[in-house]
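A.B. asks: Mind folding the following:
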Amino acid sequence: MRLLLGEGLTTVEKVVDVYLRNELRSIRNFGTKSLREIEKWFPVKPDKSSLALLEHLQHVPRTSGNR
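C.D. replies: Model (predicted):
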């Protein structure tokens, strides 16, 4: 957490944004262990139920009434 705070990453949204842009490794002393901790404690990866919902929605045909 000190590494994140030192970089001005003070909110969950900021941490997730930097994670998704693959910029966490540019932080000094930030290693694989730190990356695993981020993946464990922050919502950086969608859970399986979210993935299933997205997959389902991609296959549902759109009609003009649903927009």
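
A.B. asks: can you give me the helices for this structure?
C.D. replies: 2-6, 12-20, 32-41, 48-59 (DSSP state H).

A.B. asks: Distance check, residue 32 against residue 16.
C.D. replies: Between residue 32 and residue 16 the distance is 19 Å, computed by CB to CB, to the nearest Å. C-beta coordinates here come from the backbone N, C-alpha and C atoms, glycine included.

A.B. asks: Where does the prediction get shaky in this protein?
C.D. replies: When the per-residue scores of the chain are filtered using pLDDT under 70, the ranges that remain are 46-67.

A.B. asks: Looks like residue 43 contacts residue 15 (just checking).
C.D. replies: No. Checked against CB atoms under 8 Å, the pair residue 43 and residue 15 is beyond contact range at 9.5 Å.

A.B. asks: Comparing the two, which residue is more hemmed in?
C.D. replies: When neighbours are counted by other CB atoms under 10 Å, residue 43 and residue 15 differ, and residue 15 comes out ahead with 20 against 13.

A.B. asks: these two touch, right, the more buried one and residue 9?
C.D. replies: Yes. The pair formed by residue 15 and residue 9 meets the contact definition of CB under 8 Å, at 5.0 Å.

A.B. asks: anything in contact with each of the two?
C.D. replies: Counting by CB atoms under 8 Å, 6 or more residues apart in numbering, residue 15 and residue 9 have no common neighbour.
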